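>>> Got a sequence here, can you build the structure:
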Amino acid sequence: MTTFHFARLKLTAWYLIIIMALSVLFSLVIYRVLTAEIDRFERAQRFFIERRLQEGTLPLPPGRRLFLFGNGEPPNPQLLTETKQRILTMIILANTGILVITGGLGYFLAGRTLKPIKEMMDEQNRFITDASHELKTPLTSLRSEFEVAMLNDAKMTLKEAKQLIKSGFEEIVELQGLAENLIELTQQSKKRGLIKREEVSLLEIAEAALKKVVPLAKQKHITINNDIDDYILEGENQSLTELFVILLDNAIKYSPQHSKISLSSKKTDHHIRIEITDTGMGIDEKDLPHIFDRFYRADKSRSKTTGYGLGLSIAKQIVETHNGSISAESKPNKGSKFVIKLPLTISHT
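Numbers count the residues shown, from 1 in each chain. A predicted model of the protein is given here:
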């Protein structure tokens, strides 16, 4: 039995205990009230008959009936007992029905109640597993290089030592980048609905992001056309800037030399539609549904570039934190287009 199934049964049992305790208590009250009313009526009838006998007014006029049982005769004690037993039987049957119905409903509701918790735990376990795997790879490589150097009997030359240090430093830089991305991803998950909202300029955000990625673009002689209009949004300046940096860095990374990247925006209803388009290698159709998953990297040609597949996952977290949506359109060898929709007025969640 899985932990989730056991927890579901336990929660169902608690539902049943609470509901049946209330049902049984309520049934006892009803039974006591009904039996007390029957006993009271029996006493009233007996008193009425005795008084009429003393007055000599019996039998009653034709067609007039004041008695619950018989034709003007006192209630039969055996009949009263059977009536009480029938009431008790009906109450027991009713509670049995409540037990069966609430058992099924309780099990269903327990599943619905625990489902978000199960999904969160599964997500957390996947996160730990994926993070451990990604951390293990550079650490294993780093350890292997140093172990080979230490076990090598021959003395290392200065050139070999420098190469070993350089290789180790590159692995450390990658580990640092992975650690920073993991922290950023965790922080964005915690921010949902809790970001500090302020009026921000979309154009200023785009320009701030461009300043950070232009040096990378110049290395590949990539031109970036900025056609972002100056819309005012409510959101967190730093997070939105990071969103643009991630998408622009991604476009530069997968674009060839001397290519172009374009940014554009337009207003649609109550949203701002932002498009970041490149003419790079594109994404295969089978990979598109998964590109925003953590640690997911597409085919081998795209995996040759550095990275751990966390950037787009962080981008999605930022967009969703701002009550927006993000999607991608792409064709292999023809480029990709990322579409972001952000509300002009962001309401509290």
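>>> Can you show me the helices along the stretch 101-250 of the chain?
Listed in chain order, the helices of the stretch 101-250 of the chain (DSSP state H, counting those that start in this stretch) span 158-191, 202-219, 237-253.
>>> Would you point to the one among these that's packed deepest?
Looking across these with neighbours counted as mean count of other C-beta atoms under 10 Å, the highest average goes to helix 237-253: a mean of 22. All C-beta atoms are positioned from the backbone trio N, CA, C, and that covers glycine.
>>> Residues touching that one, excluding its own?
By C-beta atoms under 8 Å, 6 or more residues apart in numbering, the residues outside helix 237-253 that reach it are 184, 188, 191, 195, 198, 200, 205-206, 208-210, 212-213, 216-217, 220, 222, 224, 233, 261, 263, 276-278, 280, 305, 307, 311-312, 314-315, 318-319, 321-322, 336, 338, 340.
>>> 6 Å - rerun?
Judged by C-beta atoms under 6 Å, 6 or more residues apart in numbering, the contacts made with helix 237-253 from elsewhere in the structure are 200, 205-206, 208-209, 212-213, 216-217, 222, 261, 276, 278, 305, 311, 315, 318, 338.
>>> Kindly report the same for stretch 207-223.
Outside stretch 207-223, the residues that touch it by C-beta under 6 Å, 6+ apart are 224, 241, 244-245, 248-249, 252, 255, 257-260.
>>> Could you rerun that using 10 Å?
Stretch 207-223 is contacted from outside by 201, 224, 226, 228, 237-238, 240-253, 255-263, 278-280, using C-beta atoms under 10 Å, 6 or more residues apart in numbering.
>>> Using the record's assignment, carve the protein into domains.
As given by automatic domain parsing, the domain ranges for the chain are 3-123, 198-343.
>>> Can you get me a residue count around H221?
Using other C-beta atoms under 10 Å as the criterion, H221 is surrounded by 10 other residues.
>>> any idea how far it is from E82?
Note on H221: its distance to E82, by C-beta to C-beta, to the nearest Å, is 100 Å.
>>> Over to M120?
M120 sits at a distance of 57 Å from E82 (criterion: C-beta to C-beta).
>>> Tell me which of the helices of the stretch 101-250 of the chain sits nearest to A7.
The closest of the helices of the stretch 101-250 of the chain to A7 is helix 158-191. By C-beta to C-beta, the value is 23.1 Å.
>>> The lowest-mean-pLDDT helix or strand in the chain: what's the following helix or strand?
Per-element confidence for the chain was summarised using mean pLDDT, DSSP states H and E. The lowest value among helices and strands belongs to helix 300-303, with a mean of 45. Moving toward the C-terminus from helix 300-303, the next helix or strand (DSSP states H and E) is helix 311-321.
>>> That following helix: what's the following helix or strand?
Using DSSP H and E, the helix or strand that follows helix 311-321 towards the C-terminus is strand 325-331.
>>> If you count contacts, what does the strand or helix carrying R86 end up packed against?
Counting by DSSP H and E, the element that carries R86 is helix 77-151. Of the remaining helices and strands, those touching helix 77-151 by 3 or more C-beta pairs under 10 Å, 6 or more residues apart in numbering; DSSP states H and E are helix 3-55, helix 158-191.
>>> the inter-axis angle of that helix versus helix 3-55?
For helix 77-151 against helix 3-55, the angle between stretch directions is 170 degrees (axes from the mean of the first three to the mean of the last three C-alpha atoms, to 10 degrees).
>>> where in the stretch 151-300 of the chain is pLDDT low?
Across the stretch 151-300 of the chain, the stretches falling below the confidence threshold (pLDDT under 70) are 151-156, 170-171, 174, 176-195, 295-300.
>>> same thing but at 80, please
Low-confidence regions of the stretch 151-300 of the chain, defined here as pLDDT under 80, cover residues 151-197, 269, 293-300.
>>> in the chain, which residue is closest to the centre?
By C-alpha atoms, centre = their mean, the chain has its centre lying nearest to P116, at 5.6 Å.
>>> follow-up on the earlier one: most tightly packed of the domains of the chain?
When you average the neighbours per residue for each of the domains of the chain (mean count of other C-beta under 10 Å), domain 198-343 leads with a mean of 17.
>>> for that domain, the distance to its chain's centre please.
Taking C-alpha atoms, centre = their mean, to the nearest Å, one finds domain 198-343 lying 24 Å from the centre of the chain it belongs to.
>>> same thing with stretch 16-24?
Computed by C-alpha atoms, centre = their mean, the separation of stretch 16-24 from the middle of its chain amounts to 31 Å.
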